[in-house]
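[1] Give me the fold of what follows.
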Amino acid sequence: MYIDAGDGTKLHVKDMGEGQPVILIHGWPLTGDMWEYQVVALLEAGYRVITYDRRGFGQSGHPAGAYDYDRLADDLAAIVDHLDLSSVDLVGFSMGGGEVVRYLRRHGSSKVRRAVLVASVVPYMLKDDSNPDGVDSSDFDTMRAQIREDRFAFLQTFGKQFYGVGLVSRPVSQALLDWTFTLGIMASPLATLRCLDAFAETDFRPDLASVDVPTLIIHGTSDKTVPIDPTARAAAAGIAQATLIEYDGEPHGLFATVPDRLNADLLDFLRPGV
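    Prediction:
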């Protein structure tokens, strides 16, 4: 289905199954289809599973307007409201973790039961005097330059780092890398750049106090894309009801490198009545 985000942009949404609703929010620069392993596991466990393509990505509209987190969180709110969800679980991967916490800050938790941050950029990626463990701004500048020069070559190289090719004991297949590349090239080049700015520079530290629901944080200790110290460990320290699970030696793309482990942890945390 397509849902109007309120500014004329249409968001491509998949709504599958019945039961406790779970919204899965994808990472950059992919689409909602990145959750393939998790969608199957959640549907088979009896959940209602909702995925969507962020504006500018996949089959959603590709506007030339704002891609800041206030706008992206309001897109999530438009989906929650359109589907009339009153007790939903929100699961955000990487950039998608920002939508989860900014949604809670802007729209409150009255419609949210639980939250999950998987390899998330929250609370702050950029290295500065207040965040010495962050990522140097020159690294993001290099990414921007590579995207502008040859976005397709960048995506192929980025995918290998994303999944820790040469690092993890069970590497992903070339076919999965090709699939990831296909999802990435579906994005608007403008949205690819502007969303890079958003996740690289947005400081979510003031948002953490608004996360007042039970929250699971999962992150790989060998994540080279979103380092664990300024993100997951800092988020766990700043969110009142947070539980942190560290995956020793795992890279960024946990949804594909260790899908069975991730699925088991998600299902354990999201059990109705828990």
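[2] Which parts of the stretch 101-250 of the chain are strands?
    For the stretch 101-250 of the chain, applying DSSP state E, counting those that start in this stretch gives strands covering 112-118, 215-220, 242-247.
[3] can you put those strands in a markdown table and add mean neighbour count, distance to residue 30 and mean pLDDT?
    For glycine as for every other residue, the C-beta is placed from the backbone atoms N, C-alpha and C. Shown next, in a markdown table, are these (neighbours: other C-beta atoms under 10 Å; distance: least, C-beta to C-beta, whole Å; pLDDT from 0 to 100):
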| stretch | mean neighbour count | distance to residue 30 | mean pLDDT |
| --- | --- | --- | --- |
| strand 112-118 | 25 | 13 | 98 |
| strand 215-220 | 25 | 17 | 98 |
| strand 242-247 | 17 | 19 | 98 |
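[4] any chance of those strands in a markdown table, plus distance to residue 2?
    Listed next are the strands of the stretch 101-250 of the chain as a markdown table, based on distance: least, C-beta to C-beta, whole Å:
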| stretch | distance to residue 2 |
| --- | --- |
| strand 112-118 | 24 |
| strand 215-220 | 30 |
| strand 242-247 | 34 |
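[5] Pull the distance from the helix ranked longest in the chain to the chain's centre.
    Ranked by number of residues, the top helix in the chain under DSSP state H is helix 137-162. Distance of helix 137-162 from the chain centroid (C-alpha atoms, centre = their mean, to the nearest Å) equals 18 Å.
[6] What helices and strands are in contact with that helix?
    helix 174-185, helix 189-201 (3 or more C-beta pairs under 8 Å, 6 or more residues apart in numbering; DSSP states H and E).
[7] Burial-wise, tell me which of the ones you listed comes out on top.
    helix 189-201 (a mean of 19; mean count of other C-beta atoms under 10 Å).
[8] tell me the angle of that helix relative to helix 174-185?
    100 degrees (axes from the mean of the first three to the mean of the last three C-alpha atoms, to 10 degrees).
[9] then helix 189-201 to PDB, C-alphas only?
    Output in PDB follows, covering the C-alpha atoms of helix 189-201 (Å, rounded to 0.1, in the frame of the first residue of the first chain):
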ATOM      1  CA  PRO A 189      21.000  10.000  -4.900                       C
ATOM      2  CA  LEU A 190      19.800  13.200  -3.200                       C
ATOM      3  CA  ALA A 191      18.200  11.200  -0.400                       C
ATOM      4  CA  THR A 192      21.300   9.100  -0.100                       C
ATOM      5  CA  LEU A 193      23.400  12.200   0.600                       C
ATOM      6  CA  ARG A 194      20.900  14.100   2.800                       C
ATOM      7  CA  CYS A 195      20.200  11.000   4.900                       C
ATOM      8  CA  LEU A 196      24.000  10.600   5.300                       C
ATOM      9  CA  ASP A 197      24.000  14.100   6.700                       C
ATOM     10  CA  ALA A 198      21.100  13.300   9.000                       C
ATOM     11  CA  PHE A 199      22.500  10.200  10.700                       C
ATOM     12  CA  ALA A 200      26.100  11.500  10.800                       C
ATOM     13  CA  GLU A 201      25.300  14.800  12.400                       C
END
